[in-house]
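Chemist: Turn this into a model:
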Amino acid sequence: MLKRNVIAICAALALSACASRLNTHPVAPSNLGAPIAEAAVIESISRPGVVSFEKIVAADWHFPNTTRPPGTSEWRIRELDAQIYFYPIRHPRFGLYFIDAGMPDDYAPYMGPIVRGVMHDDYGYQLRASTEQWVREHEAPRGVFVTHLHYDHVLGVAPLSHDIPIYIGPRDGSHENFFYTFIRQPTREALERRTVYEWQFAPPQQNELAIIDVFGDGSVYAIHAPGHTPGSIAYLVNSTDGPQLVTGDAVHSREAWTGELEEATGFEPDLPQIFASQSALRRLAARIPGLTAHPGHQSLAP
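Modeler: Below you'll find the predicted structure:
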C-alpha cells in the first residue's frame, strides 16, 4: 500500500510541476513575549516552577521504513512506533494554553484522499484522546503555541473556536516543498479565520539559541530550533513538576534525543541546520538539572 501511495504522489507531482507552500495565511507580530539571553534562562529555570504541565497522547501511529527518493536529501528516519501529543499548560495568572494541538475527533474531513489513505493504510493511525474531547471535559485554551505547522501538530485546533489564536515560529510554512501539495490542506483548515501570531526573536549570541520569555516571568520559553521547518520552535516550561522541554520535531524520536541516531525525516530544507538545532537543544538541556525532554513523537520512557 505504501508503494502505491508513493506512486500516486509521484504521478501527481509530475502533473503539478511545482512546489507548494504549507502556509499562506497572514501573520501578525506576537502580542506575547520578549527576547532573553540563554544565560538568563539558565538562572531563572532554577527557581521553583509555577506552571502546571500535562502531556496528552492524542493518537498512536507507525512510520513505515522508507528509502531515499531519487534526487532528494537523504532520509534518516527508520521504522518507528510513534505517537501524537499535545500539552495543556496552565499559568496561575495567564490561564490555560496548549503546546501543539493534538487531533480532532475525526481527521478525515480536513484531508485529501491521498493523505487519508496514508494515515489509515500506511501509518495505522489510532485516535486515543482528541483535542475536542479534552476541551469538552475541561475548557478551551486561550491560545496554542505550535512547534511547527505540520498537520499532526496543528490540526486539533481546526474544530475549536476561531477566537483561539495560534503562535508560530518565524517564516514557518513559508518555504516550498513538493510534499506540501498534499499535506497543506489540513494546516490551512486549522488556520482558517484564525489570528496567527509570529514570535519575534532577537539574533542570538554566538553558540546560543534565540529564546523568548513568553509571559515575562521565566515560566515558559519559546526557543527557535530551525531545521525541520524554518520556524520550528521548542518550548521550555518551568513546571510545578520540574523543567519540561517540548522539542516538537526538531527532535523526532527517543534515539535522536539521546544521540544514538542522526535523524531527519525528508521534509527538512536544511539538514545541517536541523542537526545543529538538535545539538544546541541537548547542550541547553544538559545545563538544566532535573529537566525532562519530550521529543516530537516518542517519550523517553517506553
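
Chemist: Just to be sure, L96 is in a strand?
Modeler: Yes. Judged by DSSP: H, G, I helix; E, B strand; the rest coil, L96 forms part of a strand.

Chemist: Could you measure from it over to Q244?
Modeler: Relative to Q244, L96 is positioned 16 Å away (Cβ to Cβ, to the nearest Å). The way it works is simple: take the backbone N, C-alpha and C, and place the C-beta from them, glycine included.

Chemist: between the two, which one's more packed in?
Modeler: Counted by other Cβ atoms under 10 Å, L96 and Q244 do not tie: Q244 has more neighbours, with 22 against 16.

Chemist: pLDDT below threshold where in the stretch 151-300 of the chain?
Modeler: Residues of the stretch 151-300 of the chain meeting the criterion pLDDT under 70: 264-269.

Chemist: swap the cut-off to 90 and go again
Modeler: Where the stretch 151-300 of the chain drops to pLDDT under 90, the residues are 173-184, 204-208, 227-228, 252-256, 258-275, 300.

Chemist: So which residues of it form strands?
Modeler: 166-168, 176-177, 196-198, 211-213, 220-224, 233-239, 242-248, 292-295 (DSSP state E, counting those that start in this stretch).

Chemist: So what's the residue count around H25?
Modeler: When counting by other Cβ under 10 Å, one arrives at 18 neighbours for H25.

Chemist: returning to that earlier point: and F63, which of the strands of the stretch 151-300 of the chain is closest to it?
Modeler: Of all the strands of the stretch 151-300 of the chain, it is strand 292-295 that lies closest to F63, at 13.2 Å by Cβ to Cβ.

Chemist: who's in contact with that closest one?
Modeler: For strand 292-295, the surrounding residues in contact (Cβ atoms under 8 Å, 6 or more residues apart in numbering) are 55, 85, 87, 242-247, 251-254, 256-257, 285, 300.

Chemist: let's see it at 6 Å
Modeler: For strand 292-295, contacts defined as Cβ atoms under 6 Å, 6 or more residues apart in numbering pick out Q244, L245, V246, T247, V251, S253, W257, A285.

Chemist: Taking the residues you listed, tell me the two that lie furthest apart.
Modeler: Q244 and S253, at 17.8 Å, using Cβ to Cβ across the contacts of strand 292-295.

Chemist: Tell me which of the strands of the stretch 151-300 of the chain lies nearest to P186.
Modeler: Nearest to P186, of these and by Cβ to Cβ, is strand 166-168 at 13.6 Å.

Chemist: So for the top strand by length along the chain, what gets flagged as buried?
Modeler: Secondary structure assigned by DSSP state E gives strand 80-91 as the longest strand of the chain. Across strand 80-91, burial judged by 16 or more other Cβ atoms under 10 Å covers L80, A82, Q83, I84, Y85, F86, Y87, P88, I89, R90, H91.

Chemist: try stretch 98-107
Modeler: F98, I99, D100, A101, G102, M103, P104, Y107.

Chemist: Thank you, goodbye.
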